[in-house]
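Novice: Give me a model of this one.
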Amino acid sequence: MKNPVGTFEIPVVDLERAMAFYAGVFGFAFERASVDGNEMAWFPLHDGAPGISGALAQGESYTPSTAGTRVYFSVDDIDVILANVHANGGKTLYPKTSVGELGWVAEFEDSEGNRVALHAQ
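Specialist: Numbers count the residues shown, from 1 in each chain. Next comes the predicted model:
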């Protein structure tokens, strides 16, 4: 049996701006591609590592939003990432909060107007 989620796409208006934001926040390098007329910037994928990966996606059907599905990025230190978010023009939407044995969570707004979440153990 497979895990139910295989990938994700984060809608963006300006792919270059979004790539710069996520690179500044997380240090990611992206691989660019065009898929069915949409411009994509793929997040890193490490074979054999837990979790999934996805892409920043720019195209007619992609509309950034703070409502709807939330993607959680697994991080080592939420405080460091939120500081990077602010340094790169984003803002905290939900502060670092304990979820007991599950660790810590927080949410931020990215450069495109999306609500994105963080999780740390």
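
Novice: neighbouring contacts of the longest strand seen in the chain?
Specialist: Longest strand of the chain, by residue count under DSSP state E: strand 91-98. For strand 91-98, the surrounding residues in contact (C-beta atoms under 8 Å, 6 or more residues apart in numbering) are 66, 78-79, 82, 85-86, 104-109, 115, 117. From N, CA and C alone the C-beta is placed, and that goes for glycine too.

Novice: Could you list every helix and strand in contact with the helix or strand where E16 lies?
Specialist: Using DSSP states H and E, E16 sits in helix 15-26. In this structure, helix 15-26 packs against strand 38-42, strand 53-58, helix 78-87, with contacts taken as 3 or more C-beta pairs under 8 Å, 6 or more residues apart in numbering; DSSP states H and E.

Novice: cutoff 6 Å now
Specialist: Applying 3 or more C-beta pairs under 6 Å, 6 or more residues apart in numbering; DSSP states H and E, we find helix 15-26 packed against strand 38-42.

Novice: mind listing what the strand it packs on pairs with, with the direction of each?
Specialist: strand 31-35 (antiparallel), strand 53-58 (antiparallel) (DSSP bridges).

Novice: now the protein, which segments are flagged as low pLDDT?
Specialist: Applying pLDDT under 70 to the chain flags no residue at all.

Novice: Please identify the buried residues of stretch 63-74?
Specialist: Buried residues in stretch 63-74, counted by 16 or more other C-beta atoms under 10 Å: P64, F73.
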